[in-house]
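> give me coordinates for this.
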Amino acid sequence: MAATIEGEDKVLATAQRIVQSLGNTSNTDDMLLILSAFDNRLSTLSSFVSSDENPAHPSAVDPRFDAAERIILNDADSASFSDDFLAAVDEIIQLTEELNLSSAEDAGDDDVVDRAENALQLAMTRLEDEFRLILIRNTVPFDPDRLDRLHRTSLSSSAAAIAIAATEFFNDETNESLEDVSSGRYSHHSSHVKGVSFAADEMSLELIIPEAVNDLREIADRMIRSGYEKECCQVYCSVRRDVLDECMLILGVEKLSIEEVQRIEWRSLDDKMKKWIQAVKVVVRGLLSSEKHLCEDIFAGSDLIKEVCFLETSKGCVMQLLNFGEAIAIGRRSAEKLFRILDMYDALAEVLPDLQALFMDEDAGDMVCSEAKGVLDGLGEAAIGTFVEFENAVQGEASKKPIQNGEIHPLARYVMNYAKLLVDYSNTLNSLLENLEVESGQPDRENNDNSEGESMSCISQRLLALITSLESNIEEKSRLYEDNAMQYIFLMNNILYMVQKVKDSELRKLLGDNWIRKRRGLVRQYATQYLRASWSRALSCLKDEGIGGSSSNASKVALKERFKNFNACFEDIYRIQTAWKVPDPQLREELRISISEKVIPAYRSFMGRFGSHLESGRHAGRYIKYTPEDLENYLLDLFEGTPLILHHLRRKNS
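Numbering: from 1, shown residues only. Coordinates of the predicted model:
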């Protein structure tokens, strides 16, 4: 009778808990969940009460079973969770196995089986709750700051600036938005450093407090042995999926559809791509690797269950990453995206073996790996397609606004800095281009500029073709200047800039010293043409022809005209060419020396022969305005980009 009262008390207590729980929610789905969670307990308690009111079971039941049953019934709703409870569960499991093996048919044994199953059902409900509670309470918060020393952003800030400049350059026909580029801000970027690689064990994370793992394993083992592996897996996967979702948010990886990704404007998308690159390595080598170990520790008794739990827990965040990668791969191609796409390709390629090792034991795992490989191939195709778009953009860039002062064109700055950064991806691009050749059956672009072209790598040939297109474009743009001399200054500035970019970077290894020698020769050729175009008229004033005889009987009228014309030529050149800009100090000095070597000796010789004819006359300063030393000093003002005027100056003895 006392047992009956005790059972009724338990039913009443459980009913009160149901009422209390239902009072805390107004959501229908939550109510159903609460009722279903208590359903097993009520049926068990009801059976327990009924069995006490009608004691049909034999008195010869194993006292260990009675003790175990009592512990389970007493502790089912207790706040504490003891080792005695687990021992009682073990007893019930063992008895159930023995009874099932004996297959006894008498009513007494059937009653024991029912009691054992009811007790076991109640115990499993309690263990399920405890399993969930331990998982939640002992989850270690994800701290991304801990990973700072393990990961570096894949693209330098200067490279990002150059990538942003791509949009401005090719979307603005007048190039008015490129002041920063043309002023050289993007040309003096720091060396590009790609992401550092780390092995999985270097990024291992503690996702659960270690002391809790043993308790979880003990509970999981009993639930699996009792045939409740499905409920155990559902609890585990539900809790751990939420944890991984939270980690993804902390890493800055949002759940976005392909359509949403493709609507994001570039600067925001660039930031999301950068976070994705970081997250791929952290997720695969850190979170998922640790999650795999956690599954193996908790579900050590069942290879199948640990694989199923790992797959169901982790495939969501993997597919979230892959969906973003696919959206980028099939998105609109534009030059500014290339470096980020290559970084995404490299990041995914680097972790693909780790991903395959994590998901190698399930058909569904094969699906995840197949998806990852498909996204990787898509990113590779997007990278090559974007590179081709960039080549075409350089070749077809046709802005008609000449650059002031004959300086380095923004296109030259942008393309050369872009090419320098591409060298960092030589291995990746070579591999992709070689695959493209194999698939298409076509050799890469032929290189007619270098006798060793056939031995050059695919990326070397493509970069050579790219820079050759740039040279052709720069030559075309030089014709926008009406002044022939300025055309040659513009060509010298740009070709020398390209030479220096190649010489001072890894491009030198790809293009070779022969390329550099040829372009240096071209700069010297342009310098000679500049001297001829700019100074021939002034030098013709210093010739003897047409003056009217020897130095002793030269016509003063003719001499005055010659000096006057020379002064006018020199002052005009000075006014115009002080405004021209030659940024390279060595080229600027060499040009001044070349001018000096041609003009100053000719002027000094002419003055030596004919200067005395005018110096003794009236207003000699109108004609002999400058000494050779004056001219030499004035030549130092050329090519500084600051226009100056000489026509108000007069010699002191005038």
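> return the residues in contact with the nearest residue to Ile208 once chain neighbours are set aside.
Distance criterion C-beta to C-beta, 6 or more residues apart in numbering; nearest residue to Ile208, sequence neighbours excluded, is Asn138 at 5.3 Å. C-betas here are computed from N, CA, C, even on glycine. Asn138 sits next to 208-209, 211-212 when contact means C-beta atoms under 8 Å, 6 or more residues apart in numbering.
> top of those by neighbour count?
Of all the contacts of Asn138, the highest neighbour tally under other C-beta atoms under 10 Å goes to Ile208, namely 21 neighbours.
> isn't that residue up against Leu294?
Yes. Contact criterion C-beta atoms under 8 Å: Ile208 and Leu294 qualify, at 6.0 Å.
> hang on, the earlier thing: nearest to Leu466, of the contacts of Asn138?
Ile208 (52.0 Å; C-beta to C-beta).
> need the pLDDT of that closest one.
As predicted, Ile208 sits at a pLDDT of 89.
> farthest pair in the contacts of Asn138?
Longest span within the contacts of Asn138, C-beta to C-beta: Ile208 and Glu211, 9.1 Å.
> any idea how far Ile209 lies from Cys247?
Look at Ile209 and Cys247: by C-beta to C-beta, to the nearest Å, they are 16 Å apart.
> should've said Ile408
From Ile408 to Cys247 the distance is 47 Å (C-beta to C-beta).
> which residues in this structure form strands?
Shown for the chain, no strands are assigned by DSSP state E.
> who are the packing partners of the longest helix belonging to it?
Longest helix in the chain by number of residues (criterion: DSSP state H): helix 363-396. Here helix 363-396 touches helix 303-330, helix 338-358, helix 410-423, helix 426-440, helix 458-478, going by 3 or more C-beta pairs under 8 Å, 6 or more residues apart in numbering; DSSP states H and E.
> list the buried residues for it?
By neighbour count on 16 or more other C-beta atoms under 10 Å, the buried set for helix 363-396 is 365, 368-369, 371-372, 375-376, 378-384, 386-387, 389-391, 393-394.
> quick check: which ranges of the protein have low pLDDT?
For the chain, applying pLDDT under 70 flags the ranges 1-61, 75-81, 100-110, 144-204, 362, 438-454, 548-553, 615-621, 647-654.
> please identify the most buried of the helices and strands packed on helix 363-396.
Across the helices and strands packed on helix 363-396, the average number of neighbours (mean count of other C-beta atoms under 10 Å) peaks for helix 410-423, which reaches a mean of 24.
> list the helices and strands it packs on?
Applying 3+ C-beta pairs under 8 Å, 6+ apart, we find helix 410-423 packed against helix 157-171, helix 179-182, helix 363-396, helix 458-478, helix 484-503, helix 507-511.
> cutoff 7 Å now
Under the contact criterion of 3 or more C-beta pairs under 7 Å, 6 or more residues apart in numbering; DSSP states H and E, helix 410-423 touches helix 157-171, helix 179-182, helix 458-478, helix 484-503, helix 507-511.
> okay, that helix in PDB with CA atoms only?
Output of helix 410-423 as PDB, limited to C-alpha atoms (Å, rounded to 0.1, in the frame of the first residue of the first chain):
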ATOM      1  CA  PRO A 410      47.400  55.300 -64.300                       C
ATOM      2  CA  LEU A 411      46.900  52.300 -66.500                       C
ATOM      3  CA  ALA A 412      50.700  51.500 -66.400                       C
ATOM      4  CA  ARG A 413      50.700  51.900 -62.600                       C
ATOM      5  CA  TYR A 414      47.700  49.700 -62.200                       C
ATOM      6  CA  VAL A 415      48.600  46.900 -64.600                       C
ATOM      7  CA  MET A 416      52.200  46.600 -63.400                       C
ATOM      8  CA  ASN A 417      51.200  46.500 -59.700                       C
ATOM      9  CA  TYR A 418      48.500  44.000 -60.600                       C
ATOM     10  CA  ALA A 419      51.100  41.900 -62.500                       C
ATOM     11  CA  LYS A 420      53.400  42.000 -59.500                       C
ATOM     12  CA  LEU A 421      50.700  40.600 -57.300                       C
ATOM     13  CA  LEU A 422      49.800  37.900 -59.800                       C
ATOM     14  CA  VAL A 423      53.400  36.600 -59.500                       C
END
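> what's the angle between that helix and helix 338-358?
Per axes from the mean of the first three to the mean of the last three C-alpha atoms, to 10 degrees, the angle that helix 410-423 makes with helix 338-358 is 20 degrees.
> kindly export stretch 358-372 (C-alpha atoms) in CSV.
What follows is stretch 358-372, C-alpha atoms only, in CSV (Å, rounded to 0.1, in the frame of the first residue of the first chain):
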residue,chain,number,x,y,z
LEU,A,358,37.1,14.1,-42.2
PHE,A,359,34.2,12.9,-44.4
MET,A,360,35.7,9.7,-45.9
ASP,A,361,33.5,7.1,-44.2
GLU,A,362,30.0,7.9,-45.4
ASP,A,363,28.1,8.1,-48.7
ALA,A,364,26.8,11.5,-47.6
GLY,A,365,30.4,12.4,-46.7
ASP,A,366,31.4,11.6,-50.2
MET,A,367,28.7,14.0,-51.3
VAL,A,368,30.2,16.8,-49.2
CYS,A,369,33.7,16.2,-50.7
SER,A,370,32.3,16.0,-54.2
GLU,A,371,30.5,19.4,-53.6
ALA,A,372,33.8,20.9,-52.3
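> now what about it, what contacts it?
288-289, 292, 307, 311, 315, 318, 322, 348, 352, 355-356 (C-beta atoms under 7 Å, 6 or more residues apart in numbering).
> biggest separation within these, which pair?
Glu307 and Leu348 (23.0 Å).
> residue contacts, Glu218?
Going by C-beta under 7 Å, 6+ apart, Glu218 touches Leu86.
> out of the helices and strands packed on helix 410-423, nearest to Arg413?
Between the helices and strands packed on helix 410-423, helix 179-182 lies closest to Arg413; by C-beta to C-beta that is 5.6 Å.
> measure Leu205 to Gly286 for me?
Distance, Leu205 to Gly286, using C-beta to C-beta: 5 Å.
> out of the two, which sits in the more crowded spot?
The residue with more neighbours, out of Leu205 and Gly286 and counting by other C-beta under 10 Å, is Gly286; that gives 26 against 20.
> please tell me how far that one sits from Leu376.
20 Å.
> and what of Val318?
Going from Val318 to Leu376 by C-beta to C-beta gives 13 Å.
> just Glu291 next, same as before
Counting by C-beta to C-beta, the gap from Glu291 to Leu376 is 22 Å.
> repeat for Leu470
Note on Leu470: its distance to Leu376, by C-beta to C-beta, is 31 Å.
> neighbours of Gln404, how many?
If you count neighbours by other C-beta under 10 Å, Gln404 ends up with 11.
> go on, Asp504?
By the criterion of other C-beta under 10 Å, Asp504 has 10 neighbours.
> give the contact list for Gln606.
Residue 606: Phe, not Gln. Counting by C-beta under 7 Å, 6+ apart, Phe606 touches Leu542.
> correction: the previous question concerned Leu491.
Shown in contact with Leu491 (C-beta under 7 Å, 6+ apart): 474-475, 478, 526.
> re earlier: what's the angle between the longest helix of the chain and helix 458-478?
Computed by the same axes, to 10 degrees, the angle separating helix 363-396 from helix 458-478 equals 30 degrees.
> how far does helix 363-396 sit from the chain's center?
14 Å (C-alpha atoms, centre = their mean, to the nearest Å).
> go on, stretch 467-479?
For stretch 467-479, the separation from the chain centroid amounts to 31 Å (computed by C-alpha atoms, centre = their mean).
> ok, residues contacting that stretch?
Against stretch 467-479 from outside (C-beta under 7 Å, 6+ apart): 391, 394-395, 397, 409, 411-412, 415, 419, 449, 487, 490-491, 494, 498.
> much appreciated, bye for now.
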